[in-house]
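Novice: Have a look; sequence and predicted model below, questions after that.
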Protein chains: 2
Amino acid sequence: MNKANLQPLKGFRDFLPDQARKREFVINTLKEVFSSYGFEPLETPALERIETLLGKYGEEADKLIYRFKDRGEREVGLRYDLTVPLSRVIASNPNILFPFKRYQIQTVWRADNTQAGRFREFTQCDVDTIGSKSPMADSEIIIMIAKSLERLNFKNFKIIINDRFALFNSLSRIATFNNEEKLSICRSLDKIKKIGKEGVMKELKERGFKQAEEIIKTISESQETKDLSLIFSYLKKLGLKENQIKFDSFLTRGLDYYTSTIFEIEVEGYQGGSIAGGGRYDALISFSAGKNIPAVGISFGIDRLIEAMEQQDLFKDIKKSSSQILVTVFSKEYLDNSLNIVSLLRDKGINSEIYLDEEKLDKQMKYADKKGIRYVIILGPDEIKKNEVTVKDLSTGNQSTVALEKIDNFFLS
Amino acid sequence: MNKANLQPLKGFRDFLPDQARKREFVINTLKEVFSSYGFEPLETPALERIETLLGKYGEEADKLIYRFKDRGEREVGLRYDLTVPLSRVIASNPNILFPFKRYQIQTVWRADNTQAGRFREFTQCDVDTIGSKSPMADSEIIIMIAKSLERLNFKNFKIIINDRFALFNSLSRIATFNNEEKLSICRSLDKIKKIGKEGVMKELKERGFKQAEEIIKTISESQETKDLSLIFSYLKKLGLKENQIKFDSFLTRGLDYYTSTIFEIEVEGYQGGSIAGGGRYDALISFSAGKNIPAVGISFGIDRLIEAMEQQDLFKDIKKSSSQILVTVFSKEYLDNSLNIVSLLRDKGINSEIYLDEEKLDKQMKYADKKGIRYVIILGPDEIKKNEVTVKDLSTGNQSTVALEKIDNFFLS
């Protein structure tokens, strides 16, 4: 292989064990929490017909779809998100049981500008409830996010929540804006954290909205809606603390398809933006017959989640290695003894490896140290005579002598 | 969406919850076993430069690579296997610690003929040890496969093993075949189970090998090599039963890159072919500087594994649903009581869901039944007065009355 071409393509990444282990930890933890709330896994193909993908995300997004003709001259595209495949699955499976509660954790691809710090391949994690209009469904999604973040050891996070239906109604009372104008106003309101009320007002005016001041005043004075109050009361019963949620009448969310509840999760101290966001979208999914199905869901970006966890040192308790123990091999003569030990440890459910090649003990210890394996077991002629092993804890440097028949207890206790 | 286009592309599949849950179970079990042997996870991108992929698998295979020009006019291809990306990772990371023991479970894509029952998207699972020449490394891979299959509840399986180096040496003693001829003879020998010795002999003759009879005789009389004997003795120490492994001098394996040990795993009663296969390949992986690195590994096809498990009814103990319990809602008035219960159960680590919409109890029970949720909790005015709940076990039809403060014990015991 040519040296210059050994790196992954721009915007793509190899995940070596240190990083891959973190990803597995986060994904497994999330799956456990999702399952405990009754959500079920779904997987869809990486390739879809191009007509399934195009026109669903807006013109700008369409340009970011990886598309090509396959060997059968079919126009296909790589998975761009997890919502459109979900819609296709629902429309094509009339026997699905509603409410359909599903999670999906898969790779998506976007031919985005990498200079903006974006990746072209990343893992998305969506959890949605399809087929229920009840604010209970919204509440269950929100409490599940909160519990997921707590399980990942996040201490201070806040769920910012708003009702886009109410927001649109407020705008309608000011003037007869059409839907495109409302979405356009939303895009300006969304910038309030970056540019402040004055900035938003200025931008609205520049974009021809003469009612800019009235818009800002109305939105500032908006109260939480009846549905939001209901969601707040359910969430309290479900164990959400009051300081974990905040109504914000300026929250708008980027995607056009949300119809009422919208929410975002902010982690205190993390500057990379919201780590998850979602809402209710009652008009996006439909049966093939055309009838709309109500839905509410959340999308996590696994990369951002891991970045926030790294910044807040939340991986410190993750093991540095799959193995807990390296069983060394003193010499060829004593290999069988080492094989017996490693086999015994594994039978007891203790992750262990044996050093594979004939090398000096010193080199074997170095391997354990570099790989982040905590314990090293040494058994040479002396130990074998006495039916003992020497256990060295590389994290402390402590060394103990342990009777062979008690070796599993030593590690399990 | 157009009705005709709602199905996945030919050769691609949606995995609905029932199937996706099986996949998660198998993959999680495998990861646990791999970790217990000290193997670490690796992930590589779905897209690679076309020159990384081409010419590595043979001409026939090159035609099956999904390839296209990306938006930057780069020639790229979808991941075709997990060995070539591994080679690239090793070559581009000079600081990797050897032996590098990695597992990788990712999707691969091949534009194959679907009429042959093949999929164009499937999940591959590779486990390899890079950087050790020791037969210990081969043995560890093999015992790990055996333990993986035992953990998945396979009862009768056999590891078929041979030494391709010895096989090539035997052929060399018959005549001065070149490497291409040897590989060609291998491809005929590989058919022995289908067409018998007579059939292989006939085919060898047709293909111009006048020494056909001598070849068959020599291979029939081949004994296991010194390296294989060593592997057998290590495996015995590591807990492999004698009837779980069998030397077969006719085993050749399809791939050209194996250099000595080769093995395949057959499950008794499963007709779909070997469910895993691998071997030693000491000349495939190299540093960018060009020095070869010894390697040994195994590849599982997750689809075949699941097919074999389904045929042998090995999924019977897997839960039919993520939730163990559905907490019903008697009426709006008593919703808070149901919310309290579901919240309490989840806090105790019991997977539970609450019915989301206002519906008759009857419909709520049907939902639980259809979703495969085993227990239903009912709490109406009578139960609430007495601080009790009614628990119905849908698998038996039994109904019990349980005091509210003992509800977690009821399910945890």
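Specialist: That came through fine. Numbers count the residues shown, from 1 in each chain, chains lettered A, B, ... in the order given.
Novice: A:Ala116 and B:Val76, how far apart?
Specialist: Noted for A:Ala116: a distance of 21 Å to B:Val76, by C-beta to C-beta, to the nearest Å. Every C-beta, even on glycine, is put in place using the N, C-alpha and C of the backbone.
Novice: For these two, work out which one has more neighbours and name it.
Specialist: B:Val76 (23 against 6; other C-beta atoms under 10 Å in any protein chain shown).
Novice: Ends of stretch A:75-92, what's the gap?
Specialist: Taking C-alpha to C-alpha, to the nearest Å, stretch A:75-92 runs 20 Å from one end to the other.
Novice: Kindly export stretch A:318-326 (C-alpha atoms) in CSV.
Specialist: The C-alpha trace of stretch A:318-326 is given here as CSV (Å, rounded to 0.1, in the frame of the first residue of the first chain):
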residue,chain,number,x,y,z
ILE,A,318,-14.0,2.2,32.3
LYS,A,319,-11.5,-0.7,32.1
LYS,A,320,-8.4,0.1,30.0
SER,A,321,-8.3,-3.5,28.7
SER,A,322,-10.6,-6.4,28.0
SER,A,323,-8.4,-8.6,30.1
GLN,A,324,-8.1,-8.2,33.8
ILE,A,325,-5.2,-10.6,34.1
LEU,A,326,-2.1,-11.6,32.1
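Novice: List the buried residues for it?
Specialist: Neighbour counts using 16 or more other C-beta atoms under 10 Å in any protein chain shown place A:321-326 of stretch A:318-326 among the buried residues.
Novice: How about the residues of the stretch 251-400 of chain A by chain B?
Specialist: A:288, A:321-323, A:326, A:335-336, A:339-340, A:342-343, A:346-347, A:349-354, A:356-358, A:367, A:370-371, A:373 (C-beta under 8 Å from any C-beta of the partner chain).
Novice: Can you get me a residue count around the spatially closest residue to A:Pro94 that is not a sequence neighbour?
Specialist: Nearest non-adjacent residue to A:Pro94, counting by C-beta to C-beta, 6 or more residues apart in numbering or on different chains: A:Phe287, 6.9 Å away. A:Phe287 has 14 neighbours, counted by other C-beta under 10 Å.
Novice: Also A:Arg79?
Specialist: So A:Arg79, with other C-beta under 10 Å, has 22 neighbours.
Novice: quick one, what contacts it?
Specialist: Contact analysis of A:Arg79 by C-beta atoms under 8 Å, 6 or more residues apart in numbering or on different chains lists A:44-48, A:85, A:106-109.
Novice: okay if I get these as JSON lines plus neighbour count and secondary structure?
Specialist: Below are the contacts of A:Arg79 laid out as JSON lines (neighbours: other C-beta atoms under 10 Å in any protein chain shown; DSSP: H, G, I helix; E, B strand; the rest coil):
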{"residue": "A:Thr44", "neighbour count": "22", "secondary structure": "coil"}
{"residue": "A:Pro45", "neighbour count": "23", "secondary structure": "coil"}
{"residue": "A:Ala46", "neighbour count": "25", "secondary structure": "coil"}
{"residue": "A:Leu47", "neighbour count": "26", "secondary structure": "strand"}
{"residue": "A:Glu48", "neighbour count": "23", "secondary structure": "strand"}
{"residue": "A:Pro85", "neighbour count": "25", "secondary structure": "helix"}
{"residue": "A:Gln106", "neighbour count": "18", "secondary structure": "strand"}
{"residue": "A:Thr107", "neighbour count": "18", "secondary structure": "strand"}
{"residue": "A:Val108", "neighbour count": "20", "secondary structure": "strand"}
{"residue": "A:Trp109", "neighbour count": "23", "secondary structure": "strand"}
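Novice: between those residues, which is nearest B:Arg164?
Specialist: A:Ala46 (34.5 Å; C-beta to C-beta).
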